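>>> sequence? don't have it. structure:
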């Protein structure tokens, strides 16, 4: 899978988005479904992610995970990571959680634990893609995440998410890992990022 990684910045030690999600979008005919209102060109990993999340093509999780793991293996800064952690889902009621599925597959690829019972979302928040104001996003995310114990205290953790927009969710999760979980260091990888990153 072709990747075009770019750095992403926050309260983590280092972070990368592996590619843009959407390369171009223009008005479509909308004849087949509501999703055809726009003709969208995505990066290779962005297309795989779209198919996984919106077409429920679960087989897409493995190639995405191989791309993430391959990138992580090539970074000296990540040589000491102790676990791969998915950002908790905004909607825990879904029967299939794409981010958790990818993170688990990344963990298998790297022979690292990828627990889904360590980092939890403990406060309901609105869909942040609908919240434009950065301060309002931060307020919504305050105390939204918790860790259940300190099993990774002092260790370097890799946090994974599918899409990087403003970074506020990842900042809130990183803070929980560093302070409540006493992690030694947190690095982040997202499969994709938005073009605007706002």
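Here it is on my side, so go on. Every value quoted in this text rests on a predicted model; they were computed, and no experiment measured them.
>>> distance check, the closest residue to residue 114 other than its chain neighbours against residue 147.
What sits nearest to residue 114 in space, not counting adjacent residues and going by C-beta to C-beta, 6 or more residues apart in numbering, is residue 107, at 2.8 Å. C-beta here means a position set from N, CA and C on the backbone, and glycine is covered the same way. Noted for residue 107: a distance of 17 Å to residue 147, by C-beta to C-beta, to the nearest Å.
>>> elements contacting the host helix or strand of residue 48?
Using DSSP states H and E, residue 48 sits in helix 44-54. Secondary-structure packing of helix 44-54 (3 or more C-beta pairs under 8 Å, 6 or more residues apart in numbering; DSSP states H and E): helix 61-73, helix 98-110, strand 156-164, strand 185-193.
>>> count the neighbours of the residue nearest to residue 114 for me.
Residues contacting residue 107 under the criterion other C-beta atoms under 10 Å number 21.
>>> from the centroid of this structure, which residue is nearest?
Central residue of the chain (C-alpha atoms, centre = their mean): residue 161, 0.6 Å from the mean position.
>>> was I right to think that residue contacts residue 174?
No: using C-beta atoms under 8 Å, residue 161 is not in contact with residue 174; the gap is 11.0 Å.
>>> what sits in contact with each of the two?
Here residue 161 and residue 174 have residue 188 as joint contacts, going by C-beta atoms under 8 Å, 6 or more residues apart in numbering.
>>> re the thing from before, let me see the confidence value for the residue nearest to residue 114.
With respect to pLDDT, residue 107 scores 98.
>>> also residue 21?
Reported pLDDT for residue 21: 92.
>>> skipping adjacent residues, who's closest to it in space?
In space, residue 21 is closest to residue 192, 3.7 Å off (C-beta to C-beta, 6+ apart).
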